[in-house]
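1. please find the sequence and the predicted model below.
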Amino acid sequence: MPVKPLVILPDPVLRQVSKPVERVDAEVKKLADDMLETMYDAPGIGLAAIQVGLPLRMLVIDLSHEDEPRAPRIFINPEILSSSDDRNVHEEGCLSIPDYYAEVERPASIKVAYVDADGERHEIEADGLLATCLQHEIDHLNGVLFIDHISRLKRDMVVKKFRKLARDKAPGRLVG
């Protein structure tokens, strides 16, 4: 299972809206395994397919701690059915925006429908970190980044920083 390269801000791929997965087959299951390996290698707790350059409505999550056995979860075509009026604030980061963290306010709990790796449909109620992580990753599937939930000033500063980093790493630039 190869680790896939991550798409990093300001790559416009991150703003694409992902397409539904048509059917769960061996190729989709292999992609899920590759995404999990990529997420663990990064390391992170969630990863959307668009973050490895594939605009598919699919994400993986594992909220287990380092001293616990892995508990990977695969969500295919996830959809938020409802969200609470209560709000929670969590510090979020993103594998596609390395080393940047910000407090983001989101609904405290959500109800999500999805298909698992066996093609079975499920609905779950999620709160706490799972709710935050699902909302963060589902945002990716809609071309939304967590920095879209912070002030425009902070967001503009982050985007400017990552544009400069991308420019500095561009091929053909002299590094002194």
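-> Now that the structure is in, tell me what you want to look at. Numbering: from 1, shown residues only.
2. residue ranges of the helices in this structure, please?
-> With helices called from DSSP state H, the chain shows them at 26-41, 128-141, 152-169.
3. just the strands in the protein please.
-> Ranges of strands within the chain are 46-48, 58-61, 73-83, 87-94, 97-107, 109-115, 121-127, based on DSSP state E.
4. now those strands as a markdown table including mean neighbour count, distance to Ala32 and mean pLDDT?
-> Using the backbone N, CA and C atoms, a C-beta is placed for each residue, glycine as well. Formatted as a markdown table, those follow (neighbours: other Cβ atoms under 10 Å; distance: least, Cβ to Cβ, whole Å; pLDDT from 0 to 100):
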| stretch | mean neighbour count | distance to Ala32 | mean pLDDT |
| --- | --- | --- | --- |
| strand 46-48 | 28 | 10 | 98 |
| strand 58-61 | 27 | 6 | 98 |
| strand 73-83 | 19 | 5 | 98 |
| strand 87-94 | 16 | 20 | 96 |
| strand 97-107 | 15 | 23 | 96 |
| strand 109-115 | 19 | 11 | 98 |
| strand 121-127 | 13 | 15 | 98 |
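5. which of these sits closest to Asp11?
-> strand 97-107 (10.8 Å; Cβ to Cβ).
6. find me the pLDDT at Arg167, would you?
-> Looking at Arg167, its pLDDT reads 88.
7. I should have written Pro171 there, sorry.
-> You'll see Pro171 listed with a pLDDT of 66.
8. and if you look at Met1?
-> With respect to pLDDT, Met1 scores 62.
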